[in-house]
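**Student:** after the sequence you'll find the predicted model.
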Amino acid sequence: MAQTKKVPMRKCIGCQEMKNKKEMIRILHTPQDELVIDTTGRKNGRGAYLCFSADCFEKAVKSRGLERSLKRSISPEIYESLKKEIEQIDQK
């Protein structure tokens, strides 16, 4: 019997939908206390997942989903830099 491979699912903090892990962006709070976008999905730290759309990012900011998931407060400057990075990824 051939076993089917389990597909890891994660919930988007913007739209609250469960999707394939590879179809999402991981925002990471590193042990060095910085926020980065983890393109590999393998870096150490606490992560939160977002869809590849700017709409989901806006929903996450409005509902403070990113702050809840990462268990820390986030300044508006960090939100702006994340927004620019997500827009660059969204255009590709």
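**Tutor:** Cool, got the structure.
**Student:** show the end-to-end separation of stretch 67-81, please.
**Tutor:** Using Cα to Cα, to the nearest Å, the end-to-end distance of stretch 67-81 comes to 15 Å.
**Student:** now stretch 15-25
**Tutor:** For stretch 15-25, the end-to-end distance is 13 Å (Cα to Cα).
**Student:** who are the contact partners of the residue positioned nearest the centre of the chain?
**Tutor:** Note on the chain: the residue nearest the mean C-alpha position is Y49, at 3.0 Å, using Cα atoms, centre = their mean. Y49 is in contact with R10, K11, C12, I13, K21, M24, I25, R26, I27, counting by Cβ atoms under 8 Å, 6 or more residues apart in numbering. C-beta here means a position set from N, CA and C on the backbone, and glycine is covered the same way.
**Student:** can I get those in CSV with secondary structure?
**Tutor:** Formatted as CSV, the contacts of Y49 follow (DSSP: H, G, I helix; E, B strand; the rest coil):
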residue, secondary structure
R10, strand
K11, strand
C12, coil
I13, coil
K21, helix
M24, strand
I25, strand
R26, strand
I27, strand
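**Student:** narrow the residues you listed to just the buried residues.
**Tutor:** Burial by neighbour count, judged by 16 or more other Cβ atoms under 10 Å, picks out R10, C12, I13, M24, I25, R26, I27 from these.
**Student:** so the residue nearest to the centre of the chain bridges to which residues?
**Tutor:** R26 (DSSP bridges).
**Student:** run through who's touching stretch 28-45.
**Tutor:** For stretch 28-45, the surrounding residues in contact (Cβ under 8 Å, 6+ apart) are 21-22, 25-27, 46-47, 70-72, 74, 78, 82, 85-86, 89.
**Student:** let's go with 6 Å and repeat that
**Tutor:** With contact meaning Cβ atoms under 6 Å, 6 or more residues apart in numbering, stretch 28-45 is reached by R26, I27, R46, G47, L70, I78, E85.
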